[in-house]
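Asks: turn this into a model:
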Amino acid sequence: MAVNRRKLLHVRFGFAIAHTIAFLTVTVSFTAHAVVRAVSLGATGGEGAVAQELLATPWFGATLLMSAAWGVGLLIHLTGSILGRGWED
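Replies: Below is the predicted model of the structure:
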């Protein structure tokens, strides 16, 4: 966003779109990584190992809390963009 600031200013809702793409990229990658870890651990470690891995390690916070906090920020950003510029041309 910092490098392409001038280009994003010329696109309607450019910063909101860039923010949404960054949110989806990071959130999906963290969640996919946690799912792959859980599936691989479930295949080798048993039922309790998956719950222990997801709830007692930083992955729980990284996947849920980070996504929730960033999602609230994204929602505020999108709301502000719509209220500030509106949908009309």
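Asks: from A49, how far off is G80?
Replies: Counting by C-beta to C-beta, to the nearest Å, the gap from G80 to A49 is 44 Å. From N, CA and C alone the C-beta is placed, and that goes for glycine too.
Asks: same question but for F15, I mixed them up
Replies: 42 Å.
Asks: what of W70?
Replies: 29 Å.
Asks: where in the chain is pLDDT low?
Replies: The model of the chain has pLDDT under 70 over residues 43, 45-47, 86-89.
Asks: thought V50 was touching G42?
Replies: Yes. With contact defined as C-beta atoms under 8 Å, V50 counts as touching G42 (4.6 Å).
Asks: of the two, who's got more company?
Replies: V50 (17 against 14; other C-beta atoms under 10 Å).
Asks: which stretch of helix or strand covers the more buried one?
Replies: Element membership of V50, judged by DSSP states H and E, is helix 47-55.
Asks: buried ones in that helix?
Replies: For helix 47-55, a neighbour-count test (16 or more other C-beta atoms under 10 Å) marks V50, E53, L54 as buried.
Asks: cool, and stretch 1-10?
Replies: L8.
Asks: and stretch 15-35, by the same measure?
Replies: A16, A18, H19, F23, T27, F30, A34.
Asks: cheers, nothing more for now.
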